[in-house]
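**Student:** sequence below, structure please.
(one chain, ligands or ions: 2)
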Amino acid sequence: MTTDLIQKYDLRVPRYTSYPTSPHFNDTVDGATYKGWLGELDPKTELSLYFHIPFCDEMCWFCGCYTKIVKRYEPVKDYLDALLTEVDLVADALPTRMTAKHLHWGGGSPTMLKGEDWMAIMDKLRSRFDLADDAEIAVELDPRTATEEYIAQLEKAGVNRASIGVQSYEPKVQEAINRIQPYETTKEVIGWLRAHSITRINMDLMYGLPHQTLEEMDDMVDKTVALQPNRIALFGYAHVPWMKSHQKMIHEEDLPDAQARWDQFTRTTDRLVEQGYVKVGFDHFAHPDDPMAQAVENKELHRNFQGYTTDTAPAMLAFGASAIGYLPQGYVQNHLPLKAYSQAVYSGVLPTAKGIAIDDNDRTRREVIERIMCDLNVDLSSAAEEFGGDRAALEKDIEKLLPLVEDGICEIDGDRVRVLEQGRPFIRLVASAFDDYLGSGEGRHSRAV
Ligand SMILES: C[S@@+](CC[C@H](N)C(=O)[O-])C[C@H]1O[C@@H](n2cnc3c(N)ncnc32)[C@H](O)[C@@H]1O
Ligand code: SF4
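**Tutor:** Ligands and ions are numbered 1, 2, ... in the order given. Model (predicted):
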């Protein structure tokens with residue numbers, strides 16, 4: 001890819017973890033709407049459950065997540081009580097007791113919860129849902145605070161996947177992002193997880209951080225591959241200080257430019273593939289034995305708010321402040337302020353702040369965008385036929401792709417849009433051609449690469 005093209009496409013586009021994307025949610029969808037949608041679910045619908053824990057004990061300057069710094073356990077415990085109350089409200093609104101196949105604890109840092117609270121949480125969930133025997137129970141884990149005893153408690157609670165935040169192993173970078181985490185800590189925690197039968201390990205790495213260099217990225221691949229994670233996420237640092245004011249602590253002059261970001265991303269990607277990892281979408285990698293690698297092969301990969309996933313459940317019930325869920329009828333998001341969230345819950349109302357109902361055209365566009373993001377390849381007529389949308393309405397979007405075709409990013413072959421391998425880092429741009437809401441009164445996004 002030439003420098004000119006890298007500069008030309010250094011644009012800001014959504015990450016498409018949903019369609020429509022969250023800036024288009026509105027408050028016509030509220031707790032009463034969500035309650036109605038839950039009640040209409042087919043009792044046989046498989047569920048996915050997401051729990052958001054918006055607490056950490058120290059702020060990493062790069063962080064784009066919704067989290068708060070707390071030094072005492074009391075607010076965390078109060079929040080957990082509200083969250084378990086929300087579980088009752090949601091379970092009461094379902095047509096019947098339903099089965100969950102996939103549980104994900106994200107944040108913030110779910111490991112801010114005390115080890116002894118995990119059993120009570122899981123007992124509560126088992127009292128309101130049937131958990132499938134092979135349910136995946138995944139937790140995002142901050143290795144800096146984990147102990148072997150804590151991990152033993154996660155094991156006892158049934159956790160079987162851990163996503164470990166790493167970002168960078170380089171002390172100078174760690175200092176600039178306010179996240180000191182020696183390699184030995186990460187290695188030790190992974191050893192404890194495996195010793196306690198939590199053998200599905202994801203690692204989060206980043207490029208585009210202050211002071212990062214190509215040499216460091218090479219070292220990052222070597223150190224990471226030595227730990228043999230099942231999945232790796234390689235996130236481009238999204239610098240959005242207008243939304244996350246603590247990111248102002250990161251000096252813009254220390255950040256790599258578009259060309260350097262491109263080089264870091266492509267070199268790291270190539271080296272991970274050389275080491276046997278399979279490319280998943282634009283920012284994930286899977287060990288060839290991992291079900292995610294098989295999902296890529298079988299075109300069964302999905303994308304949701306947690307990124308790329310093998311989760312196929314048509315409904316995700318999301319609990320906690322700011323959490324976003326989806327049902328066949330549309331998306332819902334809970335209140336962000338902790339106070340508004342717990343007030344709603346304790347007054348017996350589902351704490352939905354906003355959302356969006358979707359129609360067949362949205363479903364068709366969502367399918368087109370998801371297939372591009374996951375398979376780099378979509379048949380527009382098949383998508384319109386399957387989801388009942390208007391195929392003719394997609395014609396104007398194909399026209400938007402012509403400059404990308406000219407620049408060797410994608411190709412159009414009749415009804416089929418295909419992202420070329422060298423265009424893979426730009427799949428968000430290709431997907432954005434089919435976004436009917438883009439440009440209508442939303443915030444600024446992060447860079448495409
Ligand atoms: C909730 S954190 C992971 C769990 C835990 N809190 C930790 O940091 O170890 C989710 C991941 O999002 C990624 N992330 C956070 N802020 C980001 C940003 N501004 N740009 C890109 N990726 C980001 C990081 O890789 C981080 O590990
Ligand atoms: S990266 Fe993780 S630990 Fe750091 S502030 Fe964000 S959520 Fe907390």
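
**Student:** what residues does the stretch 51-200 of the chain put near ligand 1?
**Tutor:** Proximity of the stretch 51-200 of the chain to ligand 1 (Cβ under 6 Å from any ligand atom) is limited to residues 56, 62-65, 106-109, 140, 142, 165, 167. For every residue, glycine as well, the C-beta is placed using N, CA and C.

**Student:** out of those, who's near ligand 2?
**Tutor:** Checking these against ligand 2 by Cβ under 6 Å from any ligand atom, the ones in range are 56, 63, 65, 107-109, 142, 165.

**Student:** which ones among those map onto strands?
**Tutor:** Counting by DSSP state E, those place 56, 107, 165 in strands.

**Student:** phi first, then psi, for the closest residue to the second one other than its chain neighbours.
**Tutor:** For Gly107, ignoring the flanking residues on the chain, the nearest one in space by Cβ to Cβ, 6 or more residues apart in numbering is Ile53 at 4.4 Å. When read as degrees, to the nearest 10, the backbone of Ile53 gives phi -110, psi 100.

**Student:** ok, now which ones touch Ile53?
**Tutor:** Residues counted as contacts of Ile53 (Cβ atoms under 8 Å, 6 or more residues apart in numbering) are 76, 79, 105-110, 112-113, 320.

**Student:** now the helices for the stretch 201-350 of the chain?
**Tutor:** Counting by DSSP state H, counting those that start in this stretch, the stretch 201-350 of the chain has helices at residues 214-226, 258-274, 291-297, 338-346.

**Student:** where's the third one relative to the chain centroid, distance-wise?
**Tutor:** With Cα atoms, centre = their mean, to the nearest Å as the basis, the distance from the averaged C-alpha position of helix 291-297 to the chain average is 17 Å.

**Student:** ok, stretch 178-191 next?
**Tutor:** 22 Å.

**Student:** list the contacts of that stretch.
**Tutor:** Contacts of stretch 178-191 (Cβ under 8 Å, 6+ apart): 58-62, 141, 143-144, 146, 151, 164, 166-167, 169, 171, 174, 201, 203, 223, 227, 229, 249.

**Student:** can you pull the poorly scored residue ranges out of the stretch 1-150 of the chain?
**Tutor:** Scanning the stretch 1-150 of the chain for pLDDT under 70 picks out 1.

**Student:** report the contact partners of the nearest residue to Ile201 once chain neighbours are set aside.
**Tutor:** Distance criterion Cβ to Cβ, 6+ apart; nearest residue to Ile201, sequence neighbours excluded, is Pro229 at 4.6 Å. By Cβ under 8 Å, 6+ apart, the contact list for Pro229 reads 164, 190, 201-203, 287.

**Student:** who are the contact partners of the most centrally placed residue in the chain?
**Tutor:** Nearest to the mean C-alpha position of the chain, by Cα atoms, centre = their mean, lies Gln306 at 2.3 Å. Listed by Cβ under 8 Å, 6+ apart, the contact set of Gln306 reads 17, 50, 104, 106.

**Student:** okay then, goodbye and thanks.
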